[in-house]
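# using only what follows, build the 3D model:
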Amino acid sequence: MAEGDYPENVTLISNRSLCWLSMGEGDKALRDAQICRALRRDWPKACFREGAARMLLKDYEKACDAFLDGLKLDPGNTEIENALRQAFHSFVVSHAVKKGH
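Numbering: from 1, shown residues only. Got it, this is the predicted structure:
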């Protein structure tokens, strides 16, 4: 891959992750999101994609981690902030259900 192709390819992989999410394919969406994060560690959207994939897979704790990473990179991003809030709520609810509360 040529140096100039790198941002375009990451965008394509991110878009493919979104497509997988739309199709309910959490594992494939997560794989693409993780590729994006590896290629562009400073890109909040890659964190958001990973968090969304983990939400679909009901891995709420790791979804929180991914959204929090994205929010650290882009503190003013309300979309990521709302997703983190939703992931945290889902995490709390899922743990309450497991404990029988």
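
# not counting its neighbours along the chain, what's nearest Asp74?
Counting by CB to CB, 6 or more residues apart in numbering, Pro44 is the residue found nearest to Asp74 once chain neighbours are left out, at 4.0 Å. No exception for glycine: its C-beta is placed from N, CA and C like everyone else's.

# surely that neighbour and Ala66 touch.
No - using CB atoms under 8 Å, Pro44 is not in contact with Ala66, being 10.3 Å away.

# those two: which is more packed in?
Ala66 (28 against 19; other CB atoms under 10 Å).

# residues in contact with the more buried one?
Contacts for Ala66 (CB atoms under 8 Å, 6 or more residues apart in numbering) come out as 33, 47-48, 50-51, 54.

# how about Leu21?
Applying CB under 8 Å, 6+ apart, the residues contacting Leu21 are 29, 49, 52-53, 56.

# and the helix or strand hosting it, which residues are buried?
Element membership for Leu21, per DSSP states H and E: helix 6-22. By 16 or more other CB atoms under 10 Å, the buried positions in helix 6-22 come out as 10, 13-14, 16-18, 20-21.
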